[in-house]
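> Any chance you can model this:
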Amino acid sequence: EIRLIPYLNTAISAKYISSTNDKKKAAIASKRAANVYDLEILRENINDISDNYTRFIIIGKEIEYCMESNKISILLSVKNEAGSLYDILRSFAINDINMIKIESRPDKNTPWEYLFYIDFEGDLQEESVKSALELINENSNHYKLIGCYKSKKL
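Numbers count the residues shown, from 1 in each chain. You can find the predicted model right below:
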């Protein structure tokens with residue numbers, strides 16, 4: 001009879017549980033968070049995915065190029081009409097680029113419009129990537145290169 005309640009993150013969850021001092025509530029968090037917020041660890045090693053890990057990136061104002069980069073992330077929006085997203089996805093196919101991930105999120109500034117976050121394999125120095133990004137830029141309402149980096153999995 002456990003009810004799962006998503007929260008902002010594990011550390012803030014631990015802080016919340018500590019502040020309530022309610023023994024009927026628990027949080028999934030790190031040992032460090034348990035120590036910081038003086039919580040009792042009820043059970044350790046509860047994850048069921050052995051290679052589960054958190055990744056971090058550094059975001060800056062200028063694009064930094066790394067010779068080992070093999071993954072690129074972009075953000076874009078398209079016209080709200082038939083075929084707009086297809087034109088973007090087609091840019092990957094005709095340039096033989098493997099798209100790894102696409103996520104859509106509502107655009108908080110424009111009702112009923114969406115932003116697309118896309119990750120794909122490649123290097124900014126490759127002609128195929130340059131060609132794809134040029135096509136994507138041409139077919140987007142808004143386009144932004146988020147960054148290029150080395151992926152551990154590729």
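> I17 belongs to a strand?
No. Counting by DSSP: H, G, I helix; E, B strand; the rest coil, I17 is not found in a strand; it is helix.
> count of neighbours near it?
Using other CB atoms under 10 Å, I17 has 20 neighbouring residues. To be clear about C-beta, it is placed using only N, CA and C from the backbone, and glycine gets the same treatment.
> Can you give me the distance of it to R90?
As judged by CB to CB, to the nearest Å, I17 and R90 stand 49 Å apart.
> show me what contacts S69?
123-124, 148-150 (CB atoms under 8 Å, 6 or more residues apart in numbering).
> State the pair within these that is farthest apart.
Comparing all pairs in these by CB to CB, the longest separation belongs to L124 and K150, at 12.5 Å.
> and the residue nearest the centre of the chain, which of the three is it?
Centroid-nearest residue in the chain: Y117, 7.8 Å away (criterion: CA atoms, centre = their mean). The three-state label given to Y117 by three-state DSSP is strand.
> nearest spatial neighbour of P106, skipping sequence neighbours?
Y114 (6.0 Å; CB to CB, 6 or more residues apart in numbering).
> Correct me if wrong: that neighbour contacts E103.
No. Using CB atoms under 8 Å, Y114 is not in contact with E103, being 9.8 Å away.
> neighbour count winner among the two?
Just comparing Y114 and E103: by other CB under 10 Å the higher neighbour count belongs to Y114, 15 against 10.
> Any stretches of the protein with poor pLDDT?
52-59, 153-154 (pLDDT under 70).
> Having no further points to raise, I will conclude here.
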